[in-house]
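Novice: Following is a predicted model, sequence given first.
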Amino acid sequence: MEILVNGKGTVQDSAALMSKRLAMLALLARNVSPEKKSSVHLLLSHFAARLDNLALLMKEFERQMEALSSDSLKSVVANVEEQLNGIEKLMDDYTGRCILYLIMCCPVLTNELKILCEKLAKALDGVVKDEFSQALKLQTKQTRQMLEDCSPKMGPKDEALNDSLDEGMLDSIISNTSLCNKLAQQIADSLDMSVGSEEFANELAKLKLEKAGAEQRKGKAHALYLEQSIFLLDKAVAASSKPTNAEKGAASNPPLGQFIIRDTPILPLQSFICPITRDVMRDPVQIASGQTYERGAVEQWFGAGHTRCPMGEELKNTKMKSNFALKQSIAEWRERNYEIRLETASKHIQSADKETRIRAVSELQALCEEEPLNRYRISSKGLLSPLVHLAESKDLELRKKTFQCLMIVAQDNSENQETMVNEGVVDLIVRCLARQYDDVNEAVLLMKLLSGKPNIAEKISHSHGAIVFLVTLLGWENEEIVGNAKAVLENLPTSDENVVMMAEADFLKPLVQRLIEGSSTHSKIKMAKALAQMHLPVTSKESIAESGAIATLLKSIDSVNEEEREAAIDALQNLTSVQSICRLLVNLGGLQVLLRLVTAVKSPEKMKTGVALIMANVLTSLGNDWKHDEERETELETLIYTFLQCMGPLITPTIQAPLLRALFGLANGTDTGDLVRRKLIDHKAFTILLPFLRENVMPEVRRTSLQLFSCLAHSYSKEACEALKEDSESIQIIFQILKEKFRNELERAAAARILASLPIDDTEVTSVLEEADVVHELPKLLNLQSEGMEEAMTSLLLRFSSSSVETQLKLASFGVISQLVNLLQSGQSLTKINTAKALSDFSKHSCDLSPNVKPRNCCACFGPRPLVCRLHLGVCHVESSFCLLEANAVSPLVDLLKESDPDSQEAALLALSTLVSDEQGQNWEYGCRAIAKAGGLFPIIVLMSSESQNVQEQAVKMIEQFFRIPEYRERHGAVAQMHIIQAAQRGRGRVRQAAGRILRQLELINSQSNYFAMSN
């Protein structure tokens, strides 16, 4: 709690708050000890009385505040408040502790309370000025005297006990069994107990529990003091009990803390402990007062500007001299303790009890951390072998502790590292990495340390699975594990075999470095071959693109060493499946190098094939990522011309196939497509490609030629048609590819797209196709659902659905109309558009194909009455009259109306409009009702506002028909009004005229108005 003192009002409030705080602390002090008769309670009650007096003084400050200068009281109040924080901490340290702990700490507590009282008394020194009243000065003086006389009067027994419990006295008592028993009896008497009683044993057990957190609360010296006290009391209890009870007590109460597994510890003498750090000294020095301190602590004390001894004595100077005798004694004490602890750990490490083994491993680790020389002692005692085998335990906690211990034991100790490796620690760590449990971090950290030695790193690299598991760790989210695994991999030997093994596990950095910087051609070839054979993910290939490896491989392609050249080509084939590498290769001028090699007369065919495959990968990838400029366009034209030149009989199909794939990639690319297709047409590509469509051609060449032909025909259908007509058999060959089931799906789809792209109005092509019996095969081909096939086949169908009625009847007899209705509901967008157009073609002839019902004669009275179509007023069947009502096509067409694509909307309107035309013999009004019943009227009304002129025109025409029926005019006229007005404002001449007629129907304009008769 911090009190700000900034004026009278604030000082007065601060004094009041401090008075209350002091009273609360006094109450807290009286309640620390559970035993009201104990010396501790007497000591704290005496201290509480002083706090009560100080609280009364603070109240007097508050009462006289108006008459006093706030400046005079600032330091007084602030100094007192500063000491209260220390009192609060002290009370917190002792509150809730067992009575035996409080009694053992009574000498320490006495000293702490004395120091606090002295500081509180000194804080009141400011109340001596003339401005304070005599009464206040007198009260302050009395309070100071009470604080200075802070030691209570104790009985002779309590005083004797406190003298014996002094930390300096315990050093001499603990080694004397008689004195131990006597002191234990004094402590038991103060509690009204006997040393051998169960009550005293319970209190001793509580004291042992208190020791667990003592070091954290009050430092290591305090923990050592409690250790001595417990040892003394245990010794006395054992002497006063039967042997069996002593054994039982020893087994049930193991020591805690850092002395957990020591059987007979040698506790430090009080002279070994620095008064400043409260810890055993390592470099004791003596100062002018004759007192000995830890060198670092006393140097820091003097460095802070102190000229007195830390104990308060004035010094003549601040010189220091080493206390060699004490330093030697402390060193001997430590050495002896190390031997005892090592001996005990070596016994416990073989225990069957897990907790005992964990404590033994922890003790060995602590020994190494305290003194590096203990690493040699552990090895000399033969403890490394059992330690390594403990790391194979099934218990995770024990494995983690063991790895941590091995890490400390191996640090800066080559001999221990070699011993561990000989004991099989490397294979053990690899198995740990394979399991991927929570001890991976500890295991890989140990491996990182061991891999620092070249000979051990070599052994790690030869351990089965080590590199694979280490590389796997590179993908973990834990940054520490990733960093350690990477460090191990970098420490491993750089043999070609190891580098390739790392790369196969997706750690490519060493391989790429060796490929670029390797001094040996043989090594570079090995790296390139490895790259060629590995199935790398895209991210790994992209990382290679950033490394400079592509430039190295391009350079190797031009090498005179045939093996190096082939390895580089194979590697680039593998890598150029990634766009970033293709782009980099082009930027490095790789296309010119590849083009030169593929056209070189003396280049071996195998090399040309490999280069052609690389070019196919690069150009296919960059068709969608090509920078447009004059230089690039010239480069493209050169490539196209050269590739087409390679289509001659002198070039083998194995080279032609990838070059054709490269042309197809460019022709199909979003960035290069328009330019490349135009250039290919200029170079008579159709004529060049036709011979490759025949049966005696290599399958890959034929397939790619078909794909390229299809791509070009889509944009240049007339040129494709002319080329096909020049070769009379070519159309039949293409259709033959399409209908043969054993063909590759890509081939069949390309063939279908070629035939679909040919101009519909070319009767010569239609005749050739009819001769090839396409009409008979079309229904079968419509069922094919491979990629792009449905669109192509429905496009091809439009050629025949718009031809003669005889052809339509033939198609209908094969069930085509039902297939089209199904495609309306399941096909892709273009398929639906083609389907709707085809149904429109069929529906236009429905009236003519619906025969009227003849009058029934007398003989026919007993026969069944023929069903008459209410739309076409005759007998309708799907196969004979193509009736859309009979085919249940109205609802799917209405659904197509609701799609957002204007082409889909237009196709649906065309088909539906055939139902509402008022040609002779058709009940157009029933057609309107059928569409309305299917929910089509409102979508048609909305489409009158369409941005598409064609859609708008069809919609307006149909609404004009609908509104000839009063029922629809009255029900939907108001809804349609705004759409009709928009159509009248934005539409073309015919649309404006039709809109005007509808508005007259709705009586929204004068019937004599001729405004809408005017054309735009």
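Specialist: It's in. Numbering: from 1, shown residues only.

Novice: what's the pLDDT at the nearest residue to Thr307 once chain neighbours are set aside?
Specialist: Nearest non-adjacent residue to Thr307, counting by C-beta to C-beta, 6 or more residues apart in numbering: Leu315, 6.2 Å away. Just so you know, the C-beta spots here come from the backbone N, C-alpha and C atoms, and that holds for glycine as well. On the pLDDT scale, Leu315 is placed at 87.

Novice: Now do the same contact list for Leu315.
Specialist: Applying C-beta atoms under 8 Å, 6 or more residues apart in numbering, we find Leu315 in contact with Ile287, Ala288, Ser289, Thr307, Arg308, Cys309.

Novice: hmm, which of those residues are the buried ones?
Specialist: With neighbours counted using 16 or more other C-beta atoms under 10 Å, the contacts of Leu315 contain these buried positions: Ile287, Ser289, Cys309.

Novice: Which strands or helices does the strand or helix carrying Lys486 pack on?
Specialist: The secondary structure element spanning Lys486 is helix 479-491 (assigned by DSSP states H and E). Packed against helix 479-491, as judged by 3 or more C-beta pairs under 8 Å, 6 or more residues apart in numbering; DSSP states H and E, are the following elements: helix 440-450, helix 466-473.

Novice: rewinding a little: between the contacts of Leu315, which is closest to Ala657?
Specialist: Within those, proximity to Ala657 (C-beta to C-beta) peaks at Ile287, which comes in at 93.8 Å.

Novice: isn't that closest one right up against Ala297?
Specialist: No. Contact status for Ile287 versus Ala297: not in contact, 11.2 Å apart, counting by C-beta atoms under 8 Å.

Novice: State the pLDDT value of Leu120.
Specialist: Turning to Leu120, the model gives it a pLDDT of 83.

Novice: Next, count neighbours for it.
Specialist: 26 (other C-beta atoms under 10 Å).

Novice: got it, and Leu588?
Specialist: Once other C-beta under 10 Å is used to define contacts, Leu588 is seen to have 15 neighbours.

Novice: cool, the one 5 residues further on as well?
Specialist: Val593: 16 surrounding residues under other C-beta under 10 Å.

Novice: Nearest residue to it in space, ignoring adjacent ones along the chain?
Specialist: Closest residue to Val593 apart from its sequence neighbours, by C-beta to C-beta, 6+ apart: Leu554 at 6.0 Å.

Novice: I'd say the one you found and Leu585 touch.
Specialist: Yes. Applying C-beta under 8 Å, one finds Leu554 in contact with Leu585, separated by 7.1 Å.

Novice: the more surrounded of these two?
Specialist: Between Leu554 and Leu585, counting by other C-beta under 10 Å, Leu585 is the more crowded of the two (27 against 18).

Novice: about what we covered before: can you redo the contacts of Leu315 as CSV with secondary structure and pLDDT?
Specialist: Formatted as CSV, the entries for the contacts of Leu315 read as follows, by DSSP: H, G, I helix; E, B strand; the rest coil; pLDDT from 0 to 100:
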residue, secondary structure, pLDDT
Ile287, coil, 92
Ala288, coil, 89
Ser289, coil, 88
Thr307, coil, 86
Arg308, strand, 88
Cys309, coil, 90
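
Novice: No further questions, thank you.
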